[in-house]
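K.L.:
Can you look at this prediction? I've put the sequence above it.
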Amino acid sequence: MNARYDFGRNWSGLAEGFEEEHLSQACADLHRLVGNVTGKTFLDIGCGSGLHSAAALRLGAASVTAFDYDLSCIATTRAVLSRFASNAKWSVGHGDVLDRASLPSGTFDIVYSWGVLHHTGDMWTAIRNAGGLVGKGGRYAIAIYLKTPLCGLWTVEKRLYSSYRWLRPPVKALFVSAYLSARALRHRDAISFMKNYRARRGMEFLADVDDWLGGYPYQSTSTRELEAFVEKLGFRTGKRFNLNPGLGLFGTGCGEWCFERNDVGLSNSDSATGEARTSQP
C-alpha cells in the first residue's frame, strides 16, 4: 500500500491555470514572511508548483535553487519558471531533504520551505537538515502544521485518502459540504468565500482541500516545540504568523516562521548537524 500522497498530480493541474494574479499574491505572501529578497540567493525546498520560486525572482532574488522529491513537481516548477522568469538565474532538480547527499552544496541567504517538511515522514530531521543550508546571517522561513487535539484522526484519514484513490471523490465531497455548511451556520457567505479564495490565498479552494485531505506523511507541532528546536540549531525567532491551531475539526492551518541565523558562538558544523546541541522533542 503506497501511502505517500501524490502532490505533483495536484500541483501540475493547478499550475496550468496560473495567471499574474496568482504570482502577485505569492509575491505579497513571500515578502510578508521573509522581507526583502533583493540580491539574495534563495533556496526553495519542496518547490511544488514553483510559484514561490517565481515570486522570489520577481521580487529581485539574485538566484533561485529549487528541488522537490516529486518528479511531477520538478517538471511543473520548470514550466512555471520558464513562463514567469525565463531570463532569471534559476535551477530546479530532484532532492530529498532527508538525504544530505542529494542536497545542494553550499549555503543560501534565504532557505524557504512552506508546508513541506511535515510531509517527509521525519519532520525533525527535515527541519534540522534544511536549517543547515542557511548561510551566515541568513533567514530560514518555514510553515508547519500546528498540533490540534484531532491530529491523530487526521493522520488516519490522510493515510487512507492517499492509499485508496476510489475514496477521494466521496471524502472530498463530504468535507467540502460539511465545511461550507459550517460556514453558513456561522452566518458567513460560503459562496463569496469560494469566489474570493484565490484573491485571499493565491490558490484554488478545491486544490487546497485535496492537498489537506491527502497530505501524507503528516506530522504537526506546537509553537513552543518548534521554536525551541530551531533556536537550538542556532537561530533566533523573527516573524511569526497564524499561531492559533484551534480544535482541528476541519484540519489545521500552517504556522509560519521566519527565523534568523544567530552566528555568535555557533560553528558551521554545529548548525548543519545539530550534534550535541539539539534533541528531538
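P.N.:
Nice, thanks for sending it over.
K.L.:
What is the least confident helix or strand in this protein?
P.N.:
helix 268-273 (a mean of 39; mean pLDDT, DSSP states H and E).
K.L.:
pLDDT weak spots in the stretch 1-150 of the chain?
P.N.:
1-2 (pLDDT under 70).
K.L.:
now the strands for it?
P.N.:
41-45, 63-68, 90-94, 108-114, 134-145 (DSSP state E, counting those that start in this stretch).
K.L.:
need the longest helix for the protein.
P.N.:
helix 168-185 (DSSP state H).
K.L.:
circling back to that earlier point, would you convert the strands of the stretch 1-150 of the chain into a markdown table that also reports distance to residue 165 and mean neighbour count?
P.N.:
For every residue, glycine as well, the C-beta is placed using N, CA and C. Compiled in a markdown table, those are given as follows (distance: least, CB to CB, whole Å; neighbours: other CB atoms under 10 Å):
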| stretch | distance to residue 165 | mean neighbour count |
| --- | --- | --- |
| strand 41-45 | 27 | 26 |
| strand 63-68 | 21 | 24 |
| strand 90-94 | 24 | 17 |
| strand 108-114 | 26 | 24 |
| strand 134-145 | 23 | 21 |
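K.L.:
between those strands, which one is nearest to residue 184?
P.N.:
The closest approach between residue 184 and any of the strands of the stretch 1-150 of the chain, judged by CB to CB, belongs to strand 134-145 at 26.1 Å.
K.L.:
what distance separates that closest one from the centre of its chain?
P.N.:
12 Å (CA atoms, centre = their mean, to the nearest Å).
K.L.:
between it and strand 41-45, what angle do the directions make?
P.N.:
Relative orientation of strand 134-145 versus strand 41-45 (axes from the mean of the first three to the mean of the last three CA atoms, to 10 degrees): 30 degrees.
K.L.:
could you point out which element follows strand 134-145?
P.N.:
Going down the chain from strand 134-145, the next helix or strand is helix 151-163, by DSSP states H and E.
K.L.:
Output the contacting helices and strands for that following helix.
P.N.:
Judged by 3 or more CB pairs under 8 Å, 6 or more residues apart in numbering; DSSP states H and E, helix 151-163 is in contact with helix 168-185, helix 205-214.
K.L.:
Keeping just the C-alphas, turn the first one into CSV.
P.N.:
I take that to be helix 168-185. Extracted in CSV, the C-alpha atoms of helix 168-185 (Å, rounded to 0.1, in the frame of the first residue of the first chain):
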residue,chain,number,x,y,z
ARG,A,168,-11.0,10.5,-2.7
PRO,A,169,-14.2,11.8,-4.5
PRO,A,170,-16.7,10.9,-1.7
VAL,A,171,-14.4,12.0,1.1
LYS,A,172,-13.6,15.3,-0.7
ALA,A,173,-17.3,15.9,-1.4
LEU,A,174,-18.2,15.2,2.2
PHE,A,175,-15.5,17.5,3.5
VAL,A,176,-16.5,20.4,1.2
SER,A,177,-20.2,20.0,2.0
ALA,A,178,-19.6,19.9,5.8
TYR,A,179,-17.1,22.8,5.7
LEU,A,180,-19.3,25.2,3.7
SER,A,181,-22.4,24.2,5.8
ALA,A,182,-20.5,25.1,8.9
ARG,A,183,-19.6,28.5,7.5
ALA,A,184,-23.2,29.1,6.6
LEU,A,185,-24.3,28.2,10.1
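K.L.:
With that, I have no additional questions.
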